[in-house]
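# quick one: sequence plus predicted model below, questions after.
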Amino acid sequence: MTRTAIVAALHDELASVLALMPDEHRQVVGGREFWVGHLHGQDVVAVLSGIGKVAAATTATLLIRSFGVGRIVFTGVAGGLGPGVKVGDVVLARAFLQHDMDASPIFPRHEVPGYGRARFDADPGLADALELACERMLHTLPQHLDPAVVHAFGLQAPRLHQGLLLSGDRFVATTGESQALQRELPDALAVEMEGAAFAQVCHDFGMPLAVVRTISDRADDLAHVDFPRFLREVASRYSGAIIEALFEN
């Protein structure tokens with residue numbers, strides 16, 4: 001049976017996944033807590049990736065080398081960049097790029113040295129399965145959220161977007177930074193700090209990867225929402241519902 005890794009960067013997202021696992025047990029490797037068990041009868045391991053690309057790459061490698069996973073699913077939050085990508089929407093990555101990779105003039109900007117490419121792809125089959133799970137979650141969203149929370153964050157008709165996800169070791173939270181990324185990479189949908197690192201490691205090992213992110217803000221000067229509340233009462237519930245739908249299917 002293929003073991004699935006379920007990864008999140010922040011504790012609340014992982015807590016929603018652990019709540020779905022009836023028999024998890026903790027193993028510590030490389031200073032990280034890995035929770036091994038089952039979800040809907042399937043073999044899984046859940047872990048916090050840590051923040052940033054180096055922590056993410058270490059976690060991805062440990063999952064592959066020490067836990068023998070056959071596929072990796074990453075869930076969490078991101079800042080929206082693309083037109084129409086609003087708070088409460090969901091972004092499913094089909095490709096990844098490190099927006100802060102710059103070895104120019106030796107290599108073109110964003111190209112990862114030694115790979116001849118800047119973009120790495122999500123696994124099509126796993127991403128397709130995650131797409132169905134996202135659509136199911138959005139269809140049943142009212143049962144997952146308190147109406148007061150919907151009103152507080154203006155979560156009107158959340159949508160699923162699919163395409164390019166950016167990662168970098170910089171928290172993008174000003175309008176200037178956000179607009180610069182939009183001009184440079186106009187097809188980018190969202191920005192976070194781990195996905196592209198996972199994608200590069202998974203490329204190296206031939207490991208299927210899919211990443212889904214809930215949009216918590218627009219990565220600009222207005223991105224000062226009550227983030228702990230959003231994480232706890234919106235993003236965490238999205239993550240749990242998406243992962244459960246993925247395993248039910």
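On my side now, so go ahead. Computed from a predicted model, the values in this text were never measured in an experiment. Residues are numbered from 1 along each chain as shown.
# need the strands for the chain, in chain order.
Counting by DSSP state E, one finds strands in the chain at the ranges 4-8, 25-29, 32-39, 42-48, 71-80, 90-98, 119-121, 160-167, 188-192, 209-217.
# as TSV, those strands with mean neighbour count would be great.
(Glycine included, C-beta is placed from N, CA and C.) Shown next, in TSV, are those (neighbours: other C-beta atoms under 10 Å):
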stretch	mean neighbour count
strand 4-8	25
strand 25-29	11
strand 32-39	18
strand 42-48	20
strand 71-80	26
strand 90-98	25
strand 119-121	18
strand 160-167	22
strand 188-192	26
strand 209-217	26
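# including distance to residue 104, could those strands go into TSV?
Output for the strands of the chain, formatted as TSV (distance: least, C-beta to C-beta, whole Å):
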stretch	distance to residue 104
strand 4-8	31
strand 25-29	37
strand 32-39	34
strand 42-48	33
strand 71-80	25
strand 90-98	13
strand 119-121	17
strand 160-167	18
strand 188-192	19
strand 209-217	27
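# contacting residues around residue 91?
With contacts defined as C-beta atoms under 8 Å, 6 or more residues apart in numbering, residue 91 is in contact with 78, 80, 85, 160-163, 165, 189-190, 212-213, 215.
# try 6 Å this time
Residues in contact with residue 91 (C-beta atoms under 6 Å, 6 or more residues apart in numbering) are 161, 189-190, 213.
# tell me the bridge partners for it.
Going by DSSP bridges, residue 91 is paired in beta bridges with residue 161, residue 213.
# tell me how far it lies from residue 27.
31 Å (C-beta to C-beta, to the nearest Å).
# before we move on, back to that, next, give me the two most distant ones among the contacts of residue 91.
Maximum pairwise distance among the contacts of residue 91 (C-beta to C-beta): 9.7 Å, between 161 and 213.
# bridged to residue 165, which residues?
Bridge pairing for residue 165 - DSSP bridges - gives residue 96, residue 190.
# so it makes contact with residue 94?
No - counting by C-beta atoms under 6 Å, residue 165 does not reach residue 94; the two are 8.2 Å apart.
# hey, what's in contact with both of the two?
Common neighbours of residue 165 and residue 94, counting by C-beta under 6 Å, 6+ apart, are absent.
# ok, the contacts of residue 91 vs residue 17, which is closest?
Taking the contacts of residue 91 together and measuring to residue 17 by C-beta to C-beta, the closest member is residue 213, at 15.0 Å.
# and that closest one, what is it in contact with?
By C-beta under 6 Å, 6+ apart, residue 213 lies in contact with 76, 78, 91, 190.
# change it to 8 Å
75-78, 90-91, 93, 165, 190, 192, 195.
# other SSEs contacting the helix ranked longest in the chain?
Ranked by residue count and defined by DSSP state H, the top helix of the chain is helix 124-139. If contacts are counted by 3 or more C-beta pairs under 8 Å, 6 or more residues apart in numbering; DSSP states H and E, helix 124-139 sits against strand 71-80, strand 90-98, strand 160-167, strand 209-217, helix 236-248.
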